[in-house]
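Q: Quick one, what's the 3D model for this:
(one chain, ligands or ions: 1)
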Amino acid sequence: MTKLRYLFLSAHLDDAIISCGDYISKLVQEGNRVTIATVFAGENPFKSLSMLARIIHKKFNLGSEVMSIRRSEDLTAAALLGADCVHLNIPECIYRRNPDFSPSYRKLEELFRADLSLEQPMIEEVIQQLSAAIHLAEYEQIYVPLGIGRHVDHLIVRHAFERWMDTIDYAYLYKIAYYEDLPYKHYQLDVNWKTDLANQFVVTAICLSRVHLIAKIRAIELYKSQQRLLWNSRFSMYKQMLKNTRTSADENYSNKDRKYRFNIYINKRDKIRMKAGEISD
Ligand SMILES: [Zn+2]
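A: Predicted coordinates:
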C-alpha cells in the first residue's frame, strides 16, 4: 500500500497532539505518514524575560533550557504516535517584543484578544518560514487550527496559512482541513467560535475508537512541562479528553465499541470553485 502523507500545523509544541493526537494515531495505524509542523518552536531571541514569560516559565518548572526541553518533549510525544516533527524557528508571543523593546504581550488576557492587524510582520515571517520548510505537493491533506479560544499564535498560524494559500494554485484548497483547538474549546470562553471561525466550512466526522483516545492521552502525558499550565491535575486532563469524545459523539457512535466522532472542517465546494474562477459570485 502506498503511504499517504498528512501534515498537521501546530502553533505551539503540543497543540496538534492535544487537539488531534487520536486522529494522528489512527492515520499512522492505517499505514500513513504524519508530520507535525510547529510554528512557534524557536528560542527566546532576547537575554531577558518579560514578567509574563517569567510567570509562565514558573509553571513549566524547567529551569533555563525551556525551549530545547519543550522541543524534545514534542519529539518524544510525536514518536509515541509514530509521527515526525518539523520545528520552525520563530519565538512564541510571550518572548516577542515591540521595536522599543517593550514586551508585545504583558498580561495573559492579552494573548486572547490580540489585534491581528498589529501582527502583520509576524504573519509575513510565518508565511516565509512555512513556504521554505513545507512542500505542499507532498501531502494528501493539511490540517490547520481553527483558532478556537483566539490565542494570538493560533490565529497567526491560520491567517498565515490562508494568506499563503491565496498566492498559490487553487488546487491545494481541496487539501485543506481545519481542526478544533483543545483545550481551548472546553474553556467555553469563546462562545461565538462556530459562527466566527467555522461558518464557511462543512463538518466531516472521522470515526475513532477508544484505542486512539488512549494513544493521545499517553502522548499528552509526555508534555510534562505543559500540564501544570493547562490543567489542574493529570486527572482533569483525562476528564477533559474523555468529555471531548462525548461532546462530539452522536447516537451512531456512542455504542459499545466505544467509537466517537472527530470533527474536521473543510471548505465548501462552491467556495473552492469560486476561487478557481469556475463560478462567479
Ligand atoms: Zn497553543
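Q: And the helices in the stretch 101-250 of the chain, which stretches?
A: For the stretch 101-250 of the chain, the helices identified by DSSP state H, counting those that start in this stretch occupy 120-133, 152-166, 184-187, 193-197, 210-221, 224-230, 234-247, in order along the chain.
Q: Point out the most buried one among these.
A: Of all the helices of the stretch 101-250 of the chain, helix 152-166 carries the top mean neighbour count, a mean of 21, counting by mean count of other C-beta atoms under 10 Å. Backbone N, C-alpha and C define where each C-beta goes, glycine included.
Q: and it, C-alpha only, in PDB?
A: The C-alpha coordinates for helix 152-166 follow below in PDB (Å, rounded to 0.1, in the frame of the first residue of the first chain):
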ATOM      1  CA  VAL A 152      -2.900  35.100  19.100                       C
ATOM      2  CA  ASP A 153      -0.400  32.500  17.900                       C
ATOM      3  CA  HIS A 154      -3.100  30.100  16.800                       C
ATOM      4  CA  LEU A 155      -4.800  32.800  14.800                       C
ATOM      5  CA  ILE A 156      -1.500  33.900  13.300                       C
ATOM      6  CA  VAL A 157      -0.900  30.300  12.000                       C
ATOM      7  CA  ARG A 158      -4.300  30.100  10.500                       C
ATOM      8  CA  HIS A 159      -4.100  33.600   8.800                       C
ATOM      9  CA  ALA A 160      -0.600  33.000   7.600                       C
ATOM     10  CA  PHE A 161      -1.500  29.700   6.000                       C
ATOM     11  CA  GLU A 162      -4.600  31.200   4.400                       C
ATOM     12  CA  ARG A 163      -2.600  34.100   3.000                       C
ATOM     13  CA  TRP A 164       0.000  31.700   1.700                       C
ATOM     14  CA  MET A 165      -2.800  29.700   0.000                       C
ATOM     15  CA  ASP A 166      -4.200  32.800  -1.600                       C
END
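Q: so for that helix, what's the average pLDDT?
A: Confidence for helix 152-166, expressed as mean pLDDT, is 96.
Q: what's the first-to-last distance across stretch 198-216?
A: For stretch 198-216, the first-to-last residue distance is 24 Å (C-alpha to C-alpha, to the nearest Å).
Q: Export the helices of the stretch 101-250 of the chain as JSON lines, with columns for distance to Gly82.
A: Formatted as JSON lines, the helices of the stretch 101-250 of the chain follow (distance: least, C-beta to C-beta, whole Å):
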{"stretch": "helix 120-133", "distance to Gly82": "21"}
{"stretch": "helix 152-166", "distance to Gly82": "23"}
{"stretch": "helix 184-187", "distance to Gly82": "25"}
{"stretch": "helix 193-197", "distance to Gly82": "30"}
{"stretch": "helix 210-221", "distance to Gly82": "9"}
{"stretch": "helix 224-230", "distance to Gly82": "20"}
{"stretch": "helix 234-247", "distance to Gly82": "19"}
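Q: Can you lay out those as TSV showing distance to the ion?
A: Supplementary listing: these in TSV, determined by distance: least, C-beta to the ion, whole Å:
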stretch	distance to the ion
helix 120-133	14
helix 152-166	6
helix 184-187	8
helix 193-197	15
helix 210-221	13
helix 224-230	9
helix 234-247	15
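Q: Out of the ones you listed, the one nearest Ile56 is which?
A: Between Ile56 and the helices of the stretch 101-250 of the chain, the shortest separation by C-beta to C-beta is 6.7 Å, and it involves helix 224-230.
Q: chain center to that closest one: distance?
A: 16 Å (C-alpha atoms, centre = their mean, to the nearest Å).
Q: Just the mean pLDDT for it, thanks.
A: When pLDDT is averaged over helix 224-230, the result is 85.
Q: Can I get that helix in PDB, CA atoms only?
A: Extracted in PDB, the C-alpha atoms of helix 224-230 (Å, rounded to 0.1, in the frame of the first residue of the first chain):
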ATOM      1  CA  LYS A 224       5.200  17.300  31.300                       C
ATOM      2  CA  SER A 225       6.100  21.000  31.300                       C
ATOM      3  CA  GLN A 226       2.700  21.900  29.900                       C
ATOM      4  CA  GLN A 227       0.400  20.000  32.200                       C
ATOM      5  CA  ARG A 228       0.600  22.500  35.100                       C
ATOM      6  CA  LEU A 229      -0.200  25.300  32.800                       C
ATOM      7  CA  LEU A 230      -3.200  23.700  31.000                       C
END
